[in-house]
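Peer 1: Any chance you can model this:
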Amino acid sequence: MTKAITVKKPIIKAIDGGIAVEASADDYSIEAVQKSLVGVSGHEAFNKLLNQATSTAKGDTPDDKLNSIMPLLLDIAPKDSLEGMLAVQMLATHNMAMEMAGRAMYSEQTVDGVDMNINRSTKLMRTFTTQLETLQKYRNKGKQTIQVQHVTVNDGGQAVVGNIAGGEG
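Peer 2: Residues are numbered from 1 along each chain as shown. Next comes the predicted model:
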């Protein structure tokens, strides 16, 4: 039986260009915190991914930036390093898209500046959508599921209900 690890209150701080995770064996392990945030348990990979994620975040201090991205990473819940890298890319893409959208709203902006920032924001939002689809496909291992919500069978018609396996032909 596998024991579930509950992360109560991880204390993660930015220090000297790196990330420090203060842990107590009673509450959680450092590896559990790293795995839950970016899908890796190695300290160097964890530092790299978290630093990359915070580099595009808004905040007055490194701790503010960490506090803004940690809940998002926990919600994405990367299961491995590939999902962790994609989650960090998704955060960066979202942050840049919002920055470009905000720049388009500046009242002193020229019409060309507004257009340029809207175009950049739109491209980034499309990229985010593609990243989300990629994450979903990766998690589903490439399997597509089609769910039929409503079927109508007219008089004299026939319907088969259940799983149908395609034959070889």
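
Peer 1: how about the strands in the chain?
Peer 2: Counting by DSSP state E, the segments of the chain that form strands are 11-15, 18-22.

Peer 1: Average the pLDDT values over the first one and round to the nearest integer.
Peer 2: Averaged across strand 11-15, pLDDT comes to 59.

Peer 1: and if you look at stretch 130-138?
Peer 2: 96.

Peer 1: which outside residues touch that stretch?
Peer 2: Ile76, Leu82, Glu83, Leu86, Ala87, Gln89, Met90, Thr93 (C-beta atoms under 8 Å, 6 or more residues apart in numbering). In this view, the C-beta of every residue, glycine as well, is placed from N, C-alpha and C.

Peer 1: residues touching the fourth one, list them.
Peer 2: Okay, so that is Leu86. When contacts are counted by C-beta under 8 Å, 6+ apart, Leu86 is found next to Pro78, Gln131, Thr134, Leu135, Tyr138.

Peer 1: count of residues packed around the second one?
Peer 2: I take that to be Gln131. Neighbour count for Gln131, taken as other C-beta atoms under 10 Å: 18.

Peer 1: The fourth one now?
Peer 2: Residues within reach of Leu135, counting by other C-beta under 10 Å, total 18.

Peer 1: Could you do the third one as well?
Peer 2: The number of residues packed around Thr134, counting by other C-beta under 10 Å, is 15.

Peer 1: Quickly note the distance from it to Pro78.
Peer 2: As judged by C-beta to C-beta, to the nearest Å, Thr134 and Pro78 stand 13 Å apart.

Peer 1: Most neighbours of all the contacts of stretch 130-138, which one?
Peer 2: Scoring those on neighbours with other C-beta under 10 Å, the highest-scoring entry is Ala87 at 24 neighbours.

Peer 1: check contacts around Arg120.
Peer 2: Met96, Ala97, Met100.

Peer 1: Spatially nearest residue to the first one, not counting backbone neighbours?
Peer 2: By the measure of C-beta to C-beta, 6 or more residues apart in numbering, the closest residue to Met96 outside its immediate chain neighbours is Leu124, 5.3 Å from it.
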